[in-house]
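Peer 1: Below are the sequence and a predicted model; questions follow.
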Amino acid sequence: MNSVKEMICLRNAGFSYEKNKPILKDLSMIIREGESVGLIGANGTGKSTLMKILTGLLPHEGEVLIDGIPVNKKNLPEIRKKLGFVFQDSDSQLFMPTVYDDLAFGPRNYGMSREETDACVDRALERTGITHLKYKQNYKMSGGEKRMACIAVILAMSPEIILMDEPSIALDPKNRRNLINNLNAMEETKIIASHDLDMILEVCDRVILLDQGEIRADGSPEMILRDRELLESCSLELPFCLQGYHPYKKEGK
C-alpha cells in the first residue's frame, strides 16, 4: 500500500468564512491513486467547501497537496491539469453551443491540435456512452444527458483526479444507473460528495463522514453506511437498500 501514490494529502487543513466560526476544522487525510472515496454528511458540514479548497477556489489553513504539489495561487495551473471538477449544476458547466464545443474547449486551451482535440473528445464520448450527442445543442438535452456530458467534459482533459458534487441529483432511475456504471468503470482517483448513500455504497471503496466541519469517520462503506447509530448522530439515515426499501429497483436495476 505504501507504494501507491498519494494523490491528495491534507494536514490540519481548515477554512472559515468568519473569524472564530470555522466551516472545516483540522482535517487530515490521505487519498491514494485509484481510490473512489464517498464524501458524506448532512447539509452544511463542509463537503462543497472541501471540494473548493482542493480546486483552489477557496483559501485554506494548514497544508493541502495534490500529487505532492501545494495548493496555492502559484501552482493552480498545474493543479488544475491534474484535477477535474464536475459541478452539481450541469448548466454551470456547459456553456458552449454544443457538446462537442464544450468537450473541445479544454484541450484547445492546452494548445492541442485539431486532430489531438478530436481524439480526446471522441475518447471521452465513448467512455461515457454519449457519442450520439456529439453535436447536440446543450439546451436540447435532458438532465441525464447533461450530467453525462459534464463528466465527458472532464474526461476530455485526462485528469488524474475527478471531484463530483452530487452527481446523481435529479436523475431518473435509468440515467442514475448509467451514471453508476460509468463511475464504476472509471479508474481515475475520485471523490464523490453525495447524499445518495445507495450510490456511494455501490461505487466507492472508502467513505469519509463529515460532521460539523470535522472527520467523524473514515473507513469502508460497509462499516460506515451500516452503522445506523453513527449515521443518525450525524443527521443521516441508512441507505434505502439497507432499510429494505429499493426506490430504484423497478426501473433501474
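Peer 2: Ah, there it is.
Peer 1: Phi, psi for I208 please.
Peer 2: When read as degrees, to the nearest 10, the backbone of I208 gives phi -120, psi 120.
Peer 1: L197 and E229: what is the separation?
Peer 2: 15 Å (C-beta to C-beta, to the nearest Å). Any C-beta I mention is one placed from the backbone N, CA and C, and that applies to glycine too.
Peer 1: is it true that E166 touches S90?
Peer 2: No. In this structure E166 lies outside contact range of S90 using C-beta atoms under 8 Å: 10.8 Å.
Peer 1: So for those two, which sits in the more crowded spot?
Peer 2: Legend: neighbour count by other C-beta atoms under 10 Å for E166 and S90, higher for S90 (23 against 17).
Peer 1: per-residue confidence at the residue nearest to that one when sequence neighbours are not counted?
Peer 2: Nearest residue to S90, sequence neighbours excluded (C-beta to C-beta, 6 or more residues apart in numbering): K146, at 3.8 Å. On the pLDDT scale, K146 is placed at 93.
Peer 1: K253 too?
Peer 2: Per-residue confidence (pLDDT) for K253: 43.
Peer 1: Enumerate every residue touching R108.
Peer 2: Contact analysis of R108 by C-beta atoms under 8 Å, 6 or more residues apart in numbering lists T117.
Peer 1: so which helix or strand takes in it?
Peer 2: Here R108, judged by DSSP states H and E, is contained in helix 99-109.
Peer 1: Centre of the chain to that helix, how far?
Peer 2: Chain-centre distance of helix 99-109: 20 Å, with C-alpha atoms, centre = their mean, to the nearest Å.
Peer 1: what comes up buried for that helix?
Peer 2: Across helix 99-109, burial judged by 16 or more other C-beta atoms under 10 Å covers 99-107.
Peer 1: Past that helix, which element shows up next along the chain?
Peer 2: Sequence-wise, the next helix or strand downstream of helix 99-109 (DSSP H and E) is helix 114-128.
Peer 1: And L197 and E229? Which one has more around it.
Peer 2: Using other C-beta under 10 Å, the more surrounded residue of L197 and E229 is L197, with 23 against 6.
Peer 1: How confident was the prediction at that one?
Peer 2: pLDDT, L197: 97.
Peer 1: How about it: what's its closest non-neighbour residue?
Peer 2: Excluding its sequence neighbours, the residue lying closest to L197 (C-beta to C-beta, 6+ apart) is P239, at 4.1 Å.
Peer 1: wouldn't the one you found be in contact with L225 here?
Peer 2: Yes. Applying C-beta under 8 Å, one finds P239 in contact with L225, separated by 5.6 Å.
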